[in-house]
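Novice: give me the fold of what follows.
(3 chains)
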Amino acid sequence: MKRKSIAQKIGFAALGACMGANILFLGTILFFIGVKGLGAINWAFLTQAPRDSMTAGGVAPAIVGTLYLTLGAILFALPLGVACAVYLTEYSPKGWIVNVLRISINNLAGVPSVVFGLFGLTVFVKYMGFGVSILSGSLTLGILALPVIISASQEALVAVPQSIREASLALGATQWETIRKVVLPAALPGILTGVILSVGRVAGETAPILFTAAAFYLKGYPDSVFSEVMALPYHIYALMTEGTHPEEQTRIAYASSLLLLGLVLSVSMLAIWLRQRQRKAYHA
Amino acid sequence: MHDTLVDYDKQMGLENFHPALVKGPVGVNKNSLGEADLFGTEPKIISRGVNFYYGAKRALNNINISFAQRRVTAIIGPSGCGKSTFIRLLNRMHELVPGTRLEGEILLDGLDILSPACDPAELRKRVGMVFQKPNPFPKTVFENVAYGLEVNGVTDRQVIEATVVDSLKKAALWGEIKDRLKDSALGLSGGQQQRLCIARALAVSPEVILFDEPCASLDPISTGKIEELILELKKEYTIVIVTHNMQQAARVSDRTAFFLMGDLIEEGRTDNIFKAPRDRRTEDYITGRFG
Amino acid sequence: MNRRKERFIKYLFTAVAFSSLAFLVGIILVLFKEALPIFKTVSPSAFLLGTSWYPTAEPPEFGILPLIVASLWVTAGALVICVPLGVGSALYLHELAGNKQRAVLKPVIEILASVPSIVYGFFGMVVLAPFLQTALDLPIGLTAFTTSLILGVMATPTVASIAEDALSYVPRSFREASFAVGADRWQTLTKVIIPAAGSGISTAVILGMSRAIGETMTVLMVAGGSAIIPESIFDPVRPMTAAIAAEMGEAPVGSDHYHALFAIALILFLITFAFNVAAELISRRYRLKLGQAR
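Specialist: Residues are numbered from 1 along each chain as shown, chains lettered A, B, ... in the order given. As a prediction, this is how the structure comes out:
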């Protein structure tokens, strides 16, 4: 009896330590990047372009670039992802089709991000001739976001009670009318959560835009979808690996990292919070 | 049993083939003690030789029955007897379940509703349905009732408003709800939600309304209101109601059909079924010996 | 007319739904098409087993064994960290945390998972590497060890959330049966629940591994970059992803170097593809198995 409880105590303490390690990791990263980054962030940093071989000035073009790339990726992936989820949940295709699609979605989600970069380079940059541009980068990031949007949309669609689909069909609505007027509106909050989740993912990605969109340094802002852009994550990489003034550049990289981290984490937290609220709503 | 069914089948077949030529009582059922009519009306729906399968499993065996115009027919039977399965064939809701197979004929005013030429959406406008659990859309009260009109291409705002009001009145809900038309339907009580679902079905002006255990999730007071409503609605509509509550069947229906394990055991005037069932199994069920 | 429109819409959705398959097939085709030319120059065995990676030397050498070993090396190191921590966290969440704790801890894990890899890489470069270099008295901080640490931390939330999912598939009745014969919670956990969730947990490990081996920016910044076969865990290394990311910018399109990098990507893709398929097969099996027991 006694030995049992000792093993249990040690075991549970170990599990607690594992959980604690996660909090420690998150805390450490936030602490170091927060402390050193915060000092360098100010209004000018957010609104100005880099100056003096990237040793001074701000990161405004990189912020703008990241917004463009993210927006483009979502515009591309959202309709595709929602349509795919609608097909899988509403049109109940045959078993083997579901399996093939599920396996390909899962595998797409597991493709290393640098491989997406190579695909984008070959297909969008070169084969389609979009060049290194916002368009190429957005499309590449969009493919990467696709699985996230599909699975969030599927979850949202499955949570819509079957009974209201039946109610709509029983009133003589066609299947498409039912999807468009009843199912999608009911699933919309969940789908939006998926979108926000994928925004967090896409905004922080670097490897896919290395060869498809990102520029180390640009004087101005992009003027079309065929322009190269600066992007926040790539900017951090560039500051740390290129250039000649490591100290000033590291300072700016800290601030950029904090900015990116703040952006991505607040977007993710928003999505997590929304999702918790929605799950509660369905249980009520 | 089988002989009489075959007999019945023949009779029905003959009459359905030439409905216009038939004089006098229609849907003669020799199996019914002395009663030989569907209250003098034409049958609205006729099911002939219907077999239904979930995959390889047979759920309904050779169902032959007709439903009288502007009357309430109750379908009773223990859980799993196929009564809900059957009622969902009448507006082809069974097609939502993949892997099912249907044999036989179902006629609505003599028109074969199972033929590929019949559009299920068109059919369901004529044959409405109210479900076990109230299933309002997560929209406002008004939008719920207006929905069926919208999907049927009605765009005239005045027509929509008038129909919504009219349907809510017919569903005996108008008085309680006239100030809450813009509120979410999910905020209504269960009984109100169910009457809203009835109003929603009425708005499309169906000819038949199928009730699939409409009171299964309601309290006795709400149940009473729905039953009153059904008695009111039969003046205009042909009604088929599935219920596991025999008192309810006795209270609201003109005719009753008893299903058991996928077979239609017997069908006839409600008073006869309850007072003098012909089949031993019906009697056992009605007197509470099983189910 | 209505029905023709309905059918058209259904076909439209079907077509769009296959886009993910199309992209996956597209990726495979692109990789093969751009990778295969390298084998006109180098034989597959020399490519895979060659120990010298000097793509820009004259004459160039394309032996990627050091890169493969580096990837496996840092991934193995990451597993040592992320498997116990991830599975332990999942068990804690599932067994010990009350509802209030879960409401805080699950988001912590999800947030940890959403930290961008560039930030992990930056953190490793400016905080962890200098710290380890001083603390362990190393000649250089950017090593396989540092990389494994960071990758381990990165993969922990992946392992934790998939393992937790697997635990939730274990039927309640198993636990009750164990308590009913007088087992305590720890015995129930180790003797009943973990074995029952075993294949689900192995899925979590496989996907954690897949995440670590495919990680790019972190290893690019932290691994040190030497394309040599490591002799100790404190050697700098150049994993496959880092080689692709670092060299693609400078490899002339259509050159042997360019094709060699695609060939590396192809091998990387095939490895992760195999992991994902394995995880898929295992998870389908345990869901079926436990689904019936429930």
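Novice: shaky segments in the stretch 151-284 of chain A?
Specialist: Across the stretch 151-284 of chain A, residues meeting the criterion (pLDDT under 70) sit at A:280-284.
Novice: after the helix or strand harbouring residue A:77, which helix or strand is next? Please name it.
Specialist: If you go by DSSP states H and E, residue A:77 is part of helix A:60-90. Sequence order places helix A:95-110 as the next helix or strand after helix A:60-90, per DSSP H and E.
Novice: and the next helix or strand after that following helix, anywhere near chain C?
Specialist: Elements were assigned by DSSP H and E; along the chain past helix A:95-110, the next helix or strand is helix A:113-120. Yes: residues of helix A:113-120 are located near chain C by CB under 8 Å from any CB of the partner chain, namely A:113, A:114, A:115, A:116, A:117, A:118, A:119. C-beta coordinates here come from the backbone N, C-alpha and C atoms, glycine included.
Novice: what's next to helix A:113-120, contact-wise?
Specialist: A:136-137, A:139-141, A:143-144, A:205-212, C:23, C:26-27, C:30-31, C:34, C:117, C:214, C:216, C:241, C:244-245, C:248, C:261-262, C:265, C:268-269 (CB atoms under 8 Å, 6 or more residues apart in numbering or on different chains).
Novice: what's the average pLDDT for it?
Specialist: Averaging pLDDT along helix A:113-120 gives 95.
Novice: could you check the angle helix A:95-110 makes with it?
Specialist: In this structure, helix A:113-120 runs at an angle of 110 degrees to helix A:95-110, with axes from the mean of the first three to the mean of the last three CA atoms, to 10 degrees as the basis.
Novice: just after helix A:113-120, pick out the following helix or strand.
Specialist: In the C-terminal direction, the helix or strand that comes right after helix A:113-120 (DSSP H and E) is helix A:134-158.
Novice: hmm, that following helix touching chain B?
Specialist: No: using CB under 8 Å from any CB, helix A:134-158 stays clear of chain B, coming no nearer than 12.8 Å.
Novice: from the contact counts, what lies against that helix?
Specialist: helix A:60-90, helix A:95-110, helix A:113-120, helix A:184-204, helix A:207-210, helix C:19-35 (3 or more CB pairs under 8 Å, 6 or more residues apart in numbering or on different chains; DSSP states H and E).
Novice: got the buried residues for it?
Specialist: A:134-157 (16 or more other CB atoms under 10 Å in any protein chain shown).
Novice: quick one: residue B:211 is in a helix?
Specialist: No: Residue B:211: not assigned to a helix; according to DSSP: H, G, I helix; E, B strand; the rest coil it is strand.
Novice: contacting residues around the residue lying closest to it once chain neighbours are set aside?
Specialist: Leaving aside its chain neighbours, residue B:211 sits nearest to residue B:241 (4.0 Å; criterion: CB to CB, 6 or more residues apart in numbering or on different chains). When the contact criterion is CB under 8 Å, 6+ apart, the partners of residue B:241 are B:72, B:73, B:74, B:75, B:210, B:211, B:214, B:230, B:248, B:249, B:252, B:253.
Novice: how about a cut-off of 10 Å?
Specialist: B:72-76, B:83, B:87, B:130, B:209-215, B:226-227, B:230, B:248-249, B:252-253, B:256 (CB atoms under 10 Å, 6 or more residues apart in numbering or on different chains).
Novice: tell me which element it is part of?
Specialist: Taking DSSP H and E as the criterion, the element that holds residue B:241 is strand B:238-242.
Novice: that strand pairs with which strands, and in what direction?
Specialist: For strand B:238-242, the paired strands and their directions (DSSP bridges) read strand B:72-76 (parallel), strand B:208-212 (parallel).
Novice: apart from its neighbours in sequence, what residue is nearest whatever residue of the stretch 151-291 of chain B ends up closest to chain A?
Specialist: When distances are taken as CB to the nearest CB, the stretch 151-291 of chain B reaches nearest to chain A at residue B:151, 4.0 Å away. Nearest residue to residue B:151, sequence neighbours excluded (CB to CB, 6+ apart): residue A:173, at 4.0 Å.
Novice: repeat for residue A:188
Specialist: Nearest residue to residue A:188, sequence neighbours excluded (CB to CB, 6+ apart): residue A:156, at 7.8 Å.
Novice: and residue C:106, by the same measure?
Specialist: Spatially, and ignoring its direct neighbours in sequence, residue C:106 is nearest to residue C:93 (6.6 Å; CB to CB, 6+ apart).
Novice: now do residue A:61
Specialist: residue A:230 (4.7 Å).
Novice: mind listing what the one you found touches?
Specialist: Residue A:230 is in contact with A:49-50, A:59-66, A:213-218, A:221-222, A:238, counting by CB under 10 Å, 6+ apart.
Novice: now with 7 Å, please.
Specialist: Residue A:230 makes contact with A:61, A:62, A:65, A:214, A:215, A:218, according to CB atoms under 7 Å, 6 or more residues apart in numbering or on different chains.
Novice: how close does it sit to residue A:256?
Specialist: Summarising the geometry, the distance separating residue A:230 from residue A:256, computed by CB to CB, to the nearest Å, is 11 Å.
Novice: so which bits of chain A are right by chain B?
Specialist: Among all residues of chain A, those adjacent to chain B (criterion: CB under 7 Å from any CB of the partner chain) are A:92, A:163-164, A:166-167, A:169-174, A:177, A:181-182, A:186.
Novice: buried subset of these?
Specialist: Among the residues of chain A next to chain B, those classed as buried by neighbour count (16+ other CB under 10 Å) are A:164, A:166-167, A:169-174, A:177, A:181-182, A:186.
Novice: which helix or strand contains the spatially closest residue to residue B:104 that is not a sequence neighbour?
Specialist: Of all residues beyond its chain neighbours, the one nearest residue B:104 is residue B:50 (3.6 Å), with distances taken as CB to CB, 6+ apart. In this structure, residue B:50 sits in strand B:43-54 according to DSSP H and E.
Novice: that strand to strand B:238-242, inter-axis angle?
Specialist: Interaxial angle of strand B:43-54 relative to strand B:238-242 (the same axes, to 10 degrees): 30 degrees.
Novice: in strand B:43-54, what counts as buried?
Specialist: By 16+ other CB under 10 Å, the buried positions in strand B:43-54 come out as B:43, B:44, B:45, B:46, B:47, B:48, B:49, B:50, B:52.
Novice: with adjacent residues omitted, what lies nearest to the closest residue to chain B within chain C?
Specialist: When scored by CB to the nearest CB, chain C has residue C:3 as its residue closest to chain B, at 5.8 Å. Closest residue to residue C:3 apart from its sequence neighbours, by CB to CB, 6+ apart: residue B:119 at 5.8 Å.
Novice: same deal with residue A:134?
Specialist: residue A:225 (4.8 Å).
Novice: what about that neighbour, how many residues nearby?
Specialist: For residue A:225, the neighbour count with other CB atoms under 10 Å in any protein chain shown is 15.
Novice: I'd like to know how far it sits from chain B.
Specialist: Here residue A:225 is placed at a distance of 38 Å from chain B (CB to the nearest CB, to the nearest Å).
Novice: before I go, just wanted to say thanks for your time.
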